[in-house]
Structures are given as C-alpha cells and as structure tokens.
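Asker: Have a look at this fold, sequence not included:
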C-alpha cells in the first residue's frame, strides 16, 4: 500500500513543481508557498470526511508530542518550500533543486540520529544510489558554475523537507486513530496551520502578494489540488513505513518530470538523464526488495 501511495505522491509532485516553477517567476517565494496550501485545506477536509463516511472512527485526541510534531512539520515545510521557490529564481536552480532532492539521504541520517529510524544495508545502498542519481540528473555538467547561495539554499531545503517528513511520520504514529485516518488528520492539521501562518504574515507584510495570488486564481487552484493529492500520498506512505524508503522510491518523480518535459515542452532526454533514470530505477528496486 505504501508503494501505491508513494507513486501517487511522486506523480502529483512532478505536476505541482512544473506549475509552481511557472508561478515563481511572477510571485514572491512565500506567495508560491501559500499557493500550495491555499485550497489544499478544504480538499484535505473533504478527503477526511470521505474516510469517516467509509469507515466511521472516533475523533483523535491530539496531545503532545503529536501536537509538537505537527507544528514543527508545518513550520519546516513552509521553510523548505520557500527555499525551493527561491531556488527557482536563481541561475542553475536545477542543481540547487537536485541538492534539495537529496531529502531521502538527509532523512536517513537525521532519522537514525534523532528518530530511531533503522535501515538495512541494502536499503542504505538504495538511498545512496538514489541521492547520487538525482544529483546527476540535476547537475547537467554545470557544477563548476555553482554559487555558494545555490548550494546552501539547496542543502537547507533538503534538510527542511527531511525534517518535515520525519515529523509527519512521528505525528501520525502517535495519534490514537487507525490508518488511514491518522495520516489524514495530520495532513489537515499541518495544512490548516500553514495556511493560517502564511495568510497572516502576507496580510501584514506582503499584501500585494495576496492580490497577485487572486489574479492567478486558476493556477493557484491547480497547484493546491496537485499539492493536496501529492500530500495525501506522502503522508499516507510515511505513516506506513520509514521515511527514507518512501523518499527514495519517490525519486521516480524524475520519470514523470522528464515525461512532462517530453510531452509538454517537447524536450527529449539526454544521455546523462538516461543514466540517472537507470540509477533511480536501481535505487527503487533495492529499496523495494529491502
């Protein structure tokens, strides 16, 4: 089941990133970040309502430490997405985005150090190969042109995404309701908190960004929808198994991204990309068989 949820998440995230990169050229990083959550909250609420109609379950008691992990996940995802949106505005952003995509490796290291995550040697090998693959796919031979801000933003975004995912899993396994309701409650809680925080800040500091989002309402709805569907996949998969396994398999997103480039942008794959795809597939096989 976690494999199916991860594939859903990777597919939706590829489309969300494509849409988000277009919006980043017109709106500030925090505005692009809010676009992910603005309409995702009502969709997450509908998903949770549908789950309760399908399988009635008592409401959860959200107490510490689950509440602490929910708040921390919300803040880390805001930070990670804002850093990624800033990367879209830099030269060679693809390389920085590749650094951010090493989230699986960061999740493995931080999970082992602070969250009690345990992986087999084969799973570690899959995580490492997957990390190298996304770096290869993103670099396009332009490492010599990298700037320090791009590297630092990419690494900071990857660490923030990893901490988000680890916190989501910890919150989900601590709620006193069964799966998939636990993952859905964490999703709704995180998105609602993020929306309140970002709307409040932008209303005070960047009101013009809110007006710009209203003018781009169609694109914002598309971003929020793909983001919510992707988050349903990520949160559900991470509630079922270790985060590094989910994120390593989730790197199949690059298959979908290259398919979008080929179909939408008419850009054929290059030799480096073909090698990277083979490595991503190998990483996925290692993680699945582990």
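Answerer: Received the coordinates, thanks. Remember, it's a predicted structure, so these values are computed and weren't measured experimentally.
Asker: right, and residue 234 touches residue 246 too?
Answerer: Yes: when contacts are counted by C-beta atoms under 8 Å, residue 234 is listed as touching residue 246 (7.1 Å). For glycine as for every other residue, the C-beta is placed from the backbone atoms N, C-alpha and C.
Asker: Name the residues contacting each of these two.
Answerer: Here residue 234 and residue 246 have 6, 165 as joint contacts, going by C-beta atoms under 8 Å, 6 or more residues apart in numbering.
Asker: Residue 50: neighbour count?
Answerer: 11 (other C-beta atoms under 10 Å).
Asker: And the helix or strand harbouring it, what does it pack against?
Answerer: Element membership for residue 50 (DSSP states H and E) is helix 40-54. Judged by 3 or more C-beta pairs under 8 Å, 6 or more residues apart in numbering; DSSP states H and E, helix 40-54 is in contact with helix 181-205, helix 217-240.
Asker: Tell me which of the ones you listed sits most buried.
Answerer: Most buried of these by mean neighbour count (mean count of other C-beta atoms under 10 Å) is helix 217-240; its value is a mean of 22.
Asker: Beyond that helix, next helix or strand please.
Answerer: Downstream of helix 217-240 (by DSSP H and E), the next one is helix 243-249.
Asker: Centre of the chain to that next one, how far?
Answerer: Helix 243-249 sits 11 Å away from the centroid of its parent chain (C-alpha atoms, centre = their mean, to the nearest Å).
Asker: hmm, back to that, TSV for the helices and strands packed on helix 40-54, including distance to residue 255?
Answerer: Shown next, in TSV, are the helices and strands packed on helix 40-54 (distance: least, C-beta to C-beta, whole Å):
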stretch	distance to residue 255
helix 181-205	24
helix 217-240	15
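Asker: Those helices into CSV, with extra columns for mean pLDDT and distance to residue 108?
Answerer: CSV is the format used below for the helices and strands packed on helix 40-54 (pLDDT from 0 to 100; distance: least, C-beta to C-beta, whole Å):
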stretch, mean pLDDT, distance to residue 108
helix 181-205, 94, 21
helix 217-240, 94, 13
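Asker: Which of those helices sits closest to residue 24?
Answerer: helix 217-240 (10.6 Å; C-beta to C-beta).
Asker: quick one: buried residues of the helix holding residue 50?
Answerer: 40-41, 43-44, 47-48, 51 (16 or more other C-beta atoms under 10 Å).
Asker: List just the nearest of the residues you listed to residue 204.
Answerer: residue 41 (20.2 Å).
Asker: wait, what's in contact with that closest one?
Answerer: 188, 191-192, 195.
Asker: Give me the distance from whatever helix or strand residue 77 lives in to the chain's centre.
Answerer: Using DSSP H and E, residue 77 maps to helix 66-88. Averaged C-alpha coordinates place helix 66-88 at 10 Å from its chain's average position (C-alpha atoms, centre = their mean).
Asker: packing partners for it?
Answerer: Counting by 3+ C-beta pairs under 8 Å, 6+ apart, helix 66-88 packs on helix 2-23, helix 29-37, helix 93-100, helix 148-174, helix 181-205.
Asker: same for the fourth one, what does it pack against?
Answerer: In this case it means helix 148-174. If contacts are counted by 3+ C-beta pairs under 8 Å, 6+ apart, helix 148-174 sits against helix 66-88, helix 93-100, helix 103-110, helix 181-205, helix 217-240, helix 243-249.
Asker: Please identify the buried residues of that helix?
Answerer: 150, 153-174.
Asker: The helix or strand hosting residue 258 - what's its average pLDDT?
Answerer: If you go by DSSP H and E, residue 258 is part of helix 253-264. Averaging pLDDT along helix 253-264 gives 71.
Asker: That's all I had, so thanks and see you.
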